[in-house]
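K.L.:
structure of the sequence below:
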Amino acid sequence: MTKIIGLWAFLIGLVLAILTVFVDLGEWVVQVLLLLGILTGIFHDIRKDIVRLGIIYLALSAVSGALKDLVLVGPVITDIVAAWVGFLGPVVLTALLMWGTPYLLIRKKS
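P.N.:
Residues are numbered from 1 along each chain as shown. So this is what the prediction gives:
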């Protein structure tokens, strides 16, 4: 059941982040995306992919503005990637706190 919550929170968060690029949903959407990101970090089974998720987040945040000068589609692509980065931030932070910290504490004792 928790995997389903995490999967749905992730999918709804990504779709909602993309939707914010095209439709002005107001200020409430930031809080909803934050909550969905935290739920995804808690309930999605990303223990095995936590390093990959961190690398994807860092890469997306580093290149989010790289295509803004591309004719016609550049600003849209840049806004979509920036929205994904805004959603993935709480996911990565929550996942690292949930799954990464206990691993580091166990490794520290050895």
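
K.L.:
show me where the chain has its helices.
P.N.:
According to DSSP state H, the chain carries its helices in the segments 2-22, 28-43, 50-63, 74-95, 101-109.

K.L.:
least trustworthy helix or strand in the protein by mean pLDDT?
P.N.:
One helix or strand of the chain scores below all others by mean pLDDT, DSSP states H and E: helix 101-109, with a mean of 66.

K.L.:
how many residues are close by Leu60?
P.N.:
14 (other CB atoms under 10 Å). Where C-beta positions appear, they are placed from N, C-alpha and C, glycine not excepted.

K.L.:
need the contact list for Lys3.
P.N.:
Contact analysis of Lys3 by CB atoms under 8 Å, 6 or more residues apart in numbering lists 43-45.

K.L.:
between these, which is closest to Phe10?
P.N.:
Among the contacts of Lys3, His44 lies closest to Phe10 (CB to CB), at 5.7 Å.

K.L.:
please report phi then psi for Pro68.
P.N.:
No, residue 68 isn't Pro; it's Lys. Backbone torsions of Lys68, given as degrees, to the nearest 10, read phi -70, psi -20.

K.L.:
hmm, it is touching Thr78, no?
P.N.:
Yes. With contacts counted by CB atoms under 8 Å, Lys68 reaches Thr78, the gap being 4.4 Å.

K.L.:
neighbour count winner among these two?
P.N.:
Set Lys68 next to Thr78 and count neighbours by other CB under 10 Å: Thr78 wins out with 19 against 14.

K.L.:
let's check: the centremost residue of this protein is which one?
P.N.:
Central residue of the chain (CA atoms, centre = their mean): Leu88, 1.2 Å from the mean position.
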